[in-house]
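# Mind looking at a prediction? Sequence and model below.
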Amino acid sequence: MKFYVTRHGEAVWNVHNKICGRTDVELTDKGKEQASQLAERVGEYDIDLIICSPLQRAHETAKTVADRWQIPLQIDERLIEQNYGIFEGKDRQDEGFLANKRQFAYRYPEGGESMMQMAYRVYGFIEEVKKKYPDKNVLAVCHGGVCRIIRSYFADMTNDEFFHYYKENCQIEEYEL
């Protein structure tokens, strides 16, 4: 079974280098174009099912691909981006955000989620996909933080590699489940 992962197209806050997290921001025109280009590239793969985050930037990206190839699409809450608490909407270079990002067991202040909490839900998602769809190739359309966690499921990463891991919009990674 192949497990493919991609990040949504460019969102409005990506342009302004703002932390999106669970804030439901829309795709830019460029993000919509990236989603269309992704849909064309997906033709090179044998995808049976697309599962995406409920946030509109991921859902719209996934729907563009699903509609192009008539691939079934499901939404799974476990693929939602990390809750960054008080840092949602702030600059990605905010010192408090970057300090918090290095503390994997620390919850982001004011209702945020820790990396470990996010890993728990995302790893559970991967395990379920492996069990439920052993003979299918699945594409997950999600967010940068979720992509980072998925990468750590398949590859050992140092803390520094994990911290610096970055997934470009609509770039596909392939894993074997």
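Nice, I can see it.
# and residue 30, which of the three is it?
Residue 30 falls in the helix class when you classify it by DSSP: H, G, I helix; E, B strand; the rest coil.
# count of neighbours near it?
14 (other C-beta atoms under 10 Å). Every C-beta, even on glycine, is put in place using the N, C-alpha and C of the backbone.
# Just list the residues touching it, thanks.
9-10 (C-beta atoms under 8 Å, 6 or more residues apart in numbering).
# From residue 122, how far off is it?
27 Å (C-beta to C-beta, to the nearest Å).
# Identify the residues contacting the longest helix seen in the chain?
Assignment by DSSP state H gives helix 115-132 as the longest helix of the chain. With C-beta under 8 Å, 6+ apart as the test, helix 115-132 has contacts from 1, 3, 51, 76, 78-79, 82, 104-105, 107, 138, 140, 145-146, 149-150, 152-153, 177.
# tell me the SS of residue 96?
Classified using three-state DSSP, residue 96 is helix.
# how much space between the nearest residue to it once chain neighbours are set aside and residue 63?
Distance criterion C-beta to C-beta, 6 or more residues apart in numbering; nearest residue to residue 96, sequence neighbours excluded, is residue 87 at 6.8 Å. Noted for residue 87: a distance of 28 Å to residue 63, by C-beta to C-beta.
# Looking at these two, which has the bigger crowd around it?
Of the pair residue 87 and residue 63, residue 87 is the one with more neighbours under other C-beta under 10 Å, namely 22 against 17.
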